[in-house]
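**Student:** Requesting a structural model of the entry that follows:
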Amino acid sequence: MRKQFFLLALGAATLPAAAHADNTLYVAAYGGSFQTIMQSAVFPAFEKAHHVHIQYIAGNSSDTLAKLQAEKAHPDIDLAIMDDGPMYQALSLHFCAPLKPGPNYQNVYSIAKISPDAVGTGLVAVGIAYNADAFKKNGWAPPSSWADLADPKYKGRIAMPGLDNTYGLDALLMYAKIHGGGGDNIQPGFDYMAAKIAPNMDAFESSPGAMSQLFQSGEIVASIWGTSRTFSVAQTGFPLRFAYPKEGAPELMDTACVVNGAHDNKDAQALIEYLLSPDVQKIFALKSGTGPVNKTVKLTPTQAQNIPYGPNVMSTLVSFDWNRVNAARPAWQAQWNRQIEK
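**Tutor:** Numbering: from 1, shown residues only. Presented below is the predicted three-dimensional model:
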């Protein structure tokens with residue numbers, strides 16, 4: 001893990017520094033559909049209102065974290081958007097500047113206020129995705145507990161991502177928590193996983209496309225997965241639904257911070273406030289299934305299907321100590337490879 005991070009940082013360090021043009025705001029965030037939504041449905045109104053051009057630097061969270069490390073003395077990035085795990089690393093390394101909260105920030109759920117220097121802009125819950133038609137055909141009730149996946153009736157008909165994927169990591173942490181452990185004592189999670197969950201698995205699959213295919217081919221009927229992935233598959237017409245286990249559903253967040261030493265702190269602060277606005281929050285909910293962190297967003301029951309939305313769902317979400325998890329993750333991965341995916 002250390003070696004991989006060093007190589008990423010080294011690669012970013014060898015890139016030529018971008019010329020920071022006047023009236024240009026540099027935003028580092030995810031590529032793919034997230035970038036498409038940002039550039040087509042979110043940025044244009046902000047650019048017009050603030051008389052700026054937004055230069056998009058696409059990359060996954062590890063890429064962005066490596067760039068922040070490489071550019072720490074002279075950052076080119078003004079605003080960084082990352083998963084919450086890497087964001088906690090950025091915070092511990094003092095890459096983020098204090099936020100200047102505006103009116104929209106005041107309406108954000110407390111779970112998204114992760115630091116005075118960073119805020120969650122969208123939520124994903126981790127739980128159990130299931131084929132509603134297959135469950136109805138078999139006369140099965142929808143899943144309601146993490147323990148349901150240990151039921152022998154699911155043997156060979158369920159899947160989950162590996163520990164290289166945050167969904168798999170969150171599941172391991174939940175099984176540890178339920179059985180008396182947690183981030184500071186992960187062994188109960190490994191023990192339960194090895195004895196009860198792994199034997200039922202058809203596959204450990206971290207690729208979203210491959211997992212979707214397992215559902216659509218009928219090879220599996222349920223999986224540990226996230227709300228956003230469930231939402232995407234359901235949008236195709238496939239009868240995939242998301243169940244929130246009664247013991248709680250871990251949350252994952254898209255998070256944003258203004259970079260320490262940013263050339264355009266003012267517009268970066270304004271963009272974070274804009275991302276927290278009800279209109280932008282609803283855009284991401286309807287286009288990507290991202291759960292709104294702003295309490296004032298209104299979704300119909302149909303719109304809210306497979307999306308973590310509203311105070312009742314927020315009360316079931318579980319957070320973990322990512323500083324502790326990040327430190328232990330390499331050792332857990334090695335144990336996972338020996339004991340679970342062997």
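**Student:** For the stretch 151-300 of the chain, which segments count as helices?
**Tutor:** Here the stretch 151-300 of the chain has its helices, by DSSP state H, counting those that start in this stretch, at 166-178, 187-192, 208-216, 227-234, 265-275, 278-288.
**Student:** right, and these - which one's nearest residue 159?
**Tutor:** helix 208-216 (5.6 Å; CB to CB). For the C-beta atoms, the positions are set from N, CA and C on the backbone; glycine is no exception.
**Student:** What lies in contact with that closest one?
**Tutor:** With contacts defined as CB atoms under 8 Å, 6 or more residues apart in numbering, helix 208-216 is touched by 129, 131, 159, 161, 202-203, 205, 220-221, 223, 225, 229, 232-233, 238, 240.
**Student:** Would you mind putting the helices of the stretch 151-300 of the chain into JSON lines with mean neighbour count and mean pLDDT alongside?
**Tutor:** Shown next, in JSON lines, are the helices of the stretch 151-300 of the chain (neighbours: other CB atoms under 10 Å; pLDDT from 0 to 100):
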{"stretch": "helix 166-178", "mean neighbour count": "23", "mean pLDDT": "96"}
{"stretch": "helix 187-192", "mean neighbour count": "18", "mean pLDDT": "98"}
{"stretch": "helix 208-216", "mean neighbour count": "17", "mean pLDDT": "96"}
{"stretch": "helix 227-234", "mean neighbour count": "23", "mean pLDDT": "94"}
{"stretch": "helix 265-275", "mean neighbour count": "21", "mean pLDDT": "98"}
{"stretch": "helix 278-288", "mean neighbour count": "19", "mean pLDDT": "97"}
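**Student:** So for residue 155, which of the ones you listed sits nearest?
**Tutor:** helix 208-216 (15.1 Å).
**Student:** got the angle for that closest one vs helix 166-178?
**Tutor:** Angle, helix 208-216 to helix 166-178, by axes from the mean of the first three to the mean of the last three CA atoms, to 10 degrees: 70 degrees.
**Student:** Please compute how far helix 208-216 lies from its chain's middle.
**Tutor:** Its chain's C-alpha centre and that of helix 208-216 lie 19 Å apart, by CA atoms, centre = their mean, to the nearest Å.
**Student:** Pipe the helices of the stretch 151-300 of the chain into JSON lines and attach distance to residue 332 per row.
**Tutor:** Below are those laid out as JSON lines (distance: least, CB to CB, whole Å):
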{"stretch": "helix 166-178", "distance to residue 332": "7"}
{"stretch": "helix 187-192", "distance to residue 332": "8"}
{"stretch": "helix 208-216", "distance to residue 332": "21"}
{"stretch": "helix 227-234", "distance to residue 332": "22"}
{"stretch": "helix 265-275", "distance to residue 332": "32"}
{"stretch": "helix 278-288", "distance to residue 332": "29"}
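**Student:** quick one, which of those helices is nearest to residue 338?
**Tutor:** That would be helix 187-192 among the helices of the stretch 151-300 of the chain, by CB to CB, at 9.8 Å.
**Student:** And that closest one, how far out from the chain middle?
**Tutor:** With CA atoms, centre = their mean, you get 24 Å for helix 187-192.
**Student:** can you check stretch 136-148 too?
**Tutor:** Mean-position distance between stretch 136-148 and its chain equals 25 Å (CA atoms, centre = their mean).
**Student:** circling back: and residue 339, which of the helices of the stretch 151-300 of the chain is closest to it?
**Tutor:** When the helices of the stretch 151-300 of the chain are compared for distance to residue 339 using CB to CB, the nearest one is helix 187-192, at 5.9 Å.
**Student:** What is that closest one packed up against?
**Tutor:** Helices and strands touching helix 187-192, by 3 or more CB pairs under 8 Å, 6 or more residues apart in numbering; DSSP states H and E, are helix 166-178, helix 322-339.
**Student:** circling back: nearest to residue 182, of the contacts of helix 208-216?
**Tutor:** residue 161 (20.3 Å).
**Student:** what's near enough to touch the closest one?
**Tutor:** 167-168, 204-206, 211, 224-225.
**Student:** List phi and psi for it.
**Tutor:** Residue 161 adopts backbone torsions of phi -70, psi 160, taken as degrees, to the nearest 10.
**Student:** any weak-confidence spans in the protein?
**Tutor:** 1-21 (pLDDT under 70).
**Student:** middle-most residue in it, spatially?
**Tutor:** residue 252 (3.9 Å; CA atoms, centre = their mean).
**Student:** Beta-bridge partners for that one, please?
**Tutor:** Using DSSP bridges, the beta-bridge partners of residue 252 come out as residue 124.
**Student:** thought it was touching residue 83?
**Tutor:** Yes - counting by CB atoms under 8 Å, residue 83 is a contact partner of residue 252 at 6.4 Å.
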